[in-house]
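A.B. asks: Sequence and predicted structure are below.
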Amino acid sequence: MWSGFRRYATYRQATIAGSFTNIVFGFLRCYVLLAVAAGAVGNRPGGYDVEQLATYVWVGQGLLAVTGIWGWTELADRIRTGDIASDLLRPVPPVVSYLAADLGRALHGTLTRFLGPVLVGLLFFPLASPHRWQTFPLFVLSVGLAVLGSFGCRFLVNATAYWLQDARGPQMLWTLGSGVLAGLYFPLRLLPEWLTVTLWVATPLPGLLQTPLDVLVERDSPALQAGLVALQAIWAVLLLWLASVVQRRAERKLVVQGG
Amino acid sequence: MIRMRELRKDFTVRVKAGRLRRTKRTVSAVDGIDLTIEPGEMVGYIGPNGAGKSTTLKMLTGVLAPSSGEVSVFGLTPVPQRTRLALRIGVVFGQRSQLWWDLPLGESFRLLRHIYRVPPAEHETRLRRCRDLLDLDEFLDTPVRQLSLGQRMRGELTAALLHGPRVLFLDEPTIGLDVVSKQAVRSFLAELGASGDVTLVLTTHDLADIERLCDRLVVIDHGRVVHDGSIEALHARYGSRRSLVVDLDEPLPPDFALPGATVTGSAADGHRVTFALDGTSAGTAVAGLVAVASVRDLSVVEPDIEDVVARLYQAG
Amino acid sequence: MGELRAYAALAGGKWRSMLSYRASFAAELLSNVGATVLDVVTVFVLFRATAQIGGFTLAEAILMTGLTAFGFVLADMTVGNIDDLKRYVRTGQLDTMLTRPLPVLPQLVFTDLPLRKLLRLGFGATIYGIALAVNDVDWTVARVLLAAVVPVGAALFFGAIFVLTASFAFWWVESGEIGNGFTYGGRDFTSYPITVYSNWFRDLFAYTLGFGFVAYQPALALLGRTDPLGLPAWAGYVSPLVALPAVAIATAVWRTGIRHYRSTGS
């Protein structure tokens, strides 16, 4: 995990460039959503008031680098080049070592990329501050679960390379679907309710961004919030379990077919 | 044909000074090189890492602009006349590919024909020759990404020659190759050079390349030429000598002296003696020896060019 | 002529490389068109919550979104992959391009022509067409001409932005995603009526950087609406011309960048 952290710490310039881009998109999304609020019934589209919407956007931009839903192709690359064989020789199972590295990445993202957009948002827009005592610990827990869930999903997408040789297709579909279905482009509550509920229960994606943000802006009652985080936890466990099953299968395939 | 006068290339590097501050420093990668290369020459360009070999090659091929000084190839100035020059030179950068990774090797050649606008008949003739000399046929239909490094290098050489360049620049053409591929590349280049219509300029770390291929050796260190001449001239200049190793039935008498040779080593209680030959031929020395001692076995050891070059770098 | 054949050969090479990964190519085609579909769907979703955004109806907003999508993809299809300049600089592949008898920019463009975006181009054009149809445009000769020229102007403008931001890599190899803020960010900016943005942000993006003339002003001219932000009606008709200075600046910066690369060997 520390080596994962240190590796990302060397990319200082990329960090600055990435934060800049996050901030530009923060402005774009925030202005559009606030314009939607201005014309919505009671100025509360999807049940969010203006401050909640702004918080949703800016903290969301900050969380992007923490959950890191995009851009991880290391496992697929190592499978394609065959370097994966050396991972199998290590005493730690690949899922565990990659997870540890990813936690390092998330920690680095938290320390370097999270605060920038949030501060800019605070400077230019009125943000919502939590009222309930349990919101903050619940938010931290929810972000942690989002990191685990995001890792599980990405591991599975990368692992398709064991069977497809070239995981670019699944990766592109993932990049395409994950952003919108995690609630990055707009809060999923703007969709028809049946669709929102289906997405939440049937896919892990809202748990990657929407859930922690809803927790933070206190969109729902405390009980419902706890329920959503519990749902996130179930998905995280399920995804990690799936990842290890897939990895064991793949290893058996590698051993049998010699890669 | 190739002329460099007072050629310099300075790079600005940022050096860390403290936690956040960085200071700029100018480093001369090439520090005033004067060199003329005539048509048909085979020039080996050697030097330690960072000596300025690749930088010089990049300035000759129009990739980098010189900081000062002049460079001309076929009377063209490489950077402003880059595209015209490109039609007349061939370039192989050992670490970079100019082939299409996902396409069969033959397909890359076809694309290069269009890029260099080569008439089909000429293209065919040159390709035929390379196919024969480099044994390309067995992997012509294989995607480049599946080729071994040696096969790929043979493809790169072909790609660089298809438009019939009069000069071929090679940056580390044998780096990373296995022994067999190295031999194949060397004998191909030797043949190419022997035909006399292509001038070869190559940089290398592997001195065997030089010994096999080049009649002229340019040693560069810290951006300056420290030697320019034949390999023999290098040996003469740095006093590296051939040596004669003899195995004897009896040790030599203590007052024994061989004209034109000096004893540099003695082993096995004087039963094996090494002489360094300073001027005399190995034949004369052996004749002088058999006159006074019974020689059981002998061998002549060529000077090691690596040693000479290592000494050269240390001096510089 | 010879050069054109050379570029055709480069594009052909890219095409055949693609075909060696048929499944991935299909997935890429789909996910690319999907990205533009999502941009449009997002507009529909937002209009579920409100009848007007920034004083414009769904149909009017879709005209801006469609125009942006069409122009952007046209640019993305041709010079979008110049993003990869960073990779070419880092791996030294740029050196290989510099030893070939062709200018570097078109070489880059044709070597990596993003054919996977073809479907997306079709979708962008369709949305633009539908938006023109549903908006009850009062067609005049000037408007017909404008409707035809605007996507080209938008494409040139976005193309210039792509080249400009990619040129950062000559000075700053690790510029990473910073260019995305202007290319994709610019696209998002012009997809909505610029009345939604606050004054300083709009001044910066719309008028200083010129993004306001890509879709918003021409859309007003096509719709025959007066600009709530106060620019005269003719502004919409001349706004495609904003592409010209953009292209000129991009060309100059690119040339300076290449010169810088050759003097530093980044």
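C.D. replies: That came through, no problem.
A.B. asks: So residue B:15: helix, strand or coil?
C.D. replies: Counting by DSSP: H, G, I helix; E, B strand; the rest coil, the backbone at residue B:15 sits in strand.
A.B. asks: give me every residue that touches residue A:63.
C.D. replies: By CB atoms under 8 Å, 6 or more residues apart in numbering or on different chains, the contact list for residue A:63 reads A:114, A:143, A:146, A:209, A:212-213. Backbone N, C-alpha and C define where each C-beta goes, glycine included.
A.B. asks: Looking at those, spot the one nearest chain B.
C.D. replies: Taking CB to the nearest CB as the measure, residue A:114 is the one of the contacts of residue A:63 closest to chain B, at 21.9 Å.
A.B. asks: Next, that closest one: phi, psi?
C.D. replies: phi -70, psi -50 (degrees, to the nearest 10).
A.B. asks: quick revisit: which among the contacts of residue A:63 gets closest to chain C?
C.D. replies: The closest of the contacts of residue A:63, once distances to chain C are taken by CB to the nearest CB, is residue A:209, at 15.3 Å.
A.B. asks: how much space is there between the residue nearest to residue A:210 when sequence neighbours are not counted and residue B:126?
C.D. replies: Ranked by CB to CB, 6 or more residues apart in numbering or on different chains and with sequence neighbours excluded, the top spatial neighbour of residue A:210 is residue A:183, at 3.3 Å. Look at residue A:183 and residue B:126: by CB to CB, to the nearest Å, they are 60 Å apart.
A.B. asks: Mind checking which of these two has more residues around it?
C.D. replies: Using other CB atoms under 10 Å in any protein chain shown as the criterion, residue A:183 and residue B:126 rank with residue A:183 on top: 26 against 18.
A.B. asks: Run through the residues that contact that one.
C.D. replies: By CB under 8 Å, 6+ apart, residue A:183 lies in contact with A:60, A:206, A:209-210, A:213.
A.B. asks: just to revisit the earlier point, mind checking how far the residue nearest to residue A:210 is from residue A:213?
C.D. replies: Relative to residue A:213, and taking CB to CB, residue A:183 is found at 7 Å.
A.B. asks: And residue A:72, by the same measure?
C.D. replies: Separation of residue A:72 from residue A:213 (CB to CB): 21 Å.
A.B. asks: One more: residue A:16?
C.D. replies: 24 Å.
A.B. asks: Of those two, give the one with the bigger neighbour count.
C.D. replies: Ranked by neighbour count (other CB under 10 Å), residue A:16 and residue A:213 place residue A:213 first, with 27 against 17.
A.B. asks: Which helix or strand contains that one?
C.D. replies: helix A:210-217 (DSSP states H and E).
A.B. asks: show me the residues around whichever residue of the stretch 101-250 of chain A sits closest to chain C that make contact.
C.D. replies: Of all residues in the stretch 101-250 of chain A, residue A:169 sits closest to chain C, at 2.8 Å by CB to the nearest CB. Counting by CB under 8 Å, 6+ apart, residue A:169 makes contact with C:23-24, C:26-28, C:31.
A.B. asks: could the residues you listed go into JSON lines alongside distance to residue B:5 and neighbour count?
C.D. replies: Converted to JSON lines, these look like this (distance: CB to CB, whole Å; neighbours: other CB atoms under 10 Å in any protein chain shown):
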{"residue": "C:23", "distance to residue B:5": "56", "neighbour count": "13"}
{"residue": "C:24", "distance to residue B:5": "52", "neighbour count": "20"}
{"residue": "C:26", "distance to residue B:5": "57", "neighbour count": "12"}
{"residue": "C:27", "distance to residue B:5": "56", "neighbour count": "23"}
{"residue": "C:28", "distance to residue B:5": "51", "neighbour count": "22"}
{"residue": "C:31", "distance to residue B:5": "55", "neighbour count": "22"}
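A.B. asks: give me the element the residue nearest the centre of chain C is part of.
C.D. replies: Nearest to the geometric centre of chain C sits residue C:72, at 2.8 Å (CA atoms, centre = their mean). Using DSSP H and E, residue C:72 sits in helix C:58-79.
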